[in-house]
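# can't give you the sequence, but here's the structure:
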């Protein structure tokens, strides 16, 4: 549904029908693709586009650090899995376990591949629908916000303790008050990274305590 909304949104801007699947294949940045669609209609500013992309996709730094151990030893498959790691793919692969007898590397590879195929196909379908059925697209871009809320709630339910979740909620709020809405994202990411690194052992110890508790 997110890809469908993205395709409709891009089509509503008057961009060509082939652009959503192309960006889904080459960029594959989820929320970044929504922003890039509007940037394509503005004046050419590579520096602004780079900084915007950095701020929006900075969360992938944390995805990569989290998956360092899980992605080791997979050879060429690993390069594609790193390239195509999305919010949805991270949410699944960081906690999912393959069925008995299934190779873990291929399990995570096909999750990653299918996620991208679904996104590209639904983006194309959305663009096709948007070109045929003209209707108001007001609020369509909110689907990314809804997706992040769902991912957060899913991870919250899976965790036995919620220290990481509280850090993720509290730090951006404080940074928003300090730096303002226009520049709080990067400081938030840096502070979250530092806190998680410093508190990594206590958090892991708390997880182990919860596991052995009756």
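Alright, I've got the coordinates. What you see is a predicted model; the values in this text were computed from it and never measured.
# for the protein, what are the low-confidence residue spans?
Filtered on pLDDT under 70, the chain yields the residue ranges 1, 133-141, 143-144, 147, 151, 206-214.
# Give the other helices and strands that the longest helix along it contacts.
Counting by DSSP state H, the longest helix found in the chain is helix 104-132. Applying 3 or more C-beta pairs under 8 Å, 6 or more residues apart in numbering; DSSP states H and E, we find helix 104-132 packed against helix 2-12, helix 19-26, helix 76-83, helix 87-93. Placement of C-beta: from N, CA and C, glycine included.
# Just say which of those helices is most tucked in.
helix 2-12 (a mean of 24; mean count of other C-beta atoms under 10 Å).
# Now do that helix: which elements does it pack against?
Checking 3+ C-beta pairs under 8 Å, 6+ apart, helix 2-12 ends up next to helix 19-26, helix 31-39, helix 104-132, helix 143-158.
# Relative to residue 131, how far out is residue 114?
26 Å (C-beta to C-beta, to the nearest Å).
# Those two: which is more packed in?
The neighbour count for residue 114 versus residue 131, taken as other C-beta atoms under 10 Å, is higher for residue 131 (14 against 11).
# Nearest the middle, which residue of this protein would you pick?
residue 87 (2.7 Å; C-alpha atoms, centre = their mean).
# ok, that residue touching residue 148?
Yes: with contact defined as C-beta atoms under 8 Å, residue 87 counts as touching residue 148 (7.1 Å).
# picking up where we left off before, of the helices and strands packed on helix 2-12, which is nearest residue 82?
Counting by C-beta to C-beta, residue 82 lies closest to helix 104-132 out of the helices and strands packed on helix 2-12; the figure is 9.3 Å.
# For that closest one, which residues meet the burial criterion?
Buried residues in helix 104-132, counted by 16 or more other C-beta atoms under 10 Å: 105, 108-109, 111-112, 115-116, 119-120, 122-128, 130.
# can you check stretch 180-193 too?
184, 185, 187, 188, 189, 191, 192.
# Quick one: mark the members of those that sit in helices.
Residues from the buried residues of stretch 180-193 lying in helices, with DSSP H as the criterion: 185, 187, 188, 189, 191, 192.
# For the fourth one, give me its contacts.
When contacts are counted by C-beta atoms under 8 Å, 6 or more residues apart in numbering, residue 189 is found next to 58, 59, 61, 62.
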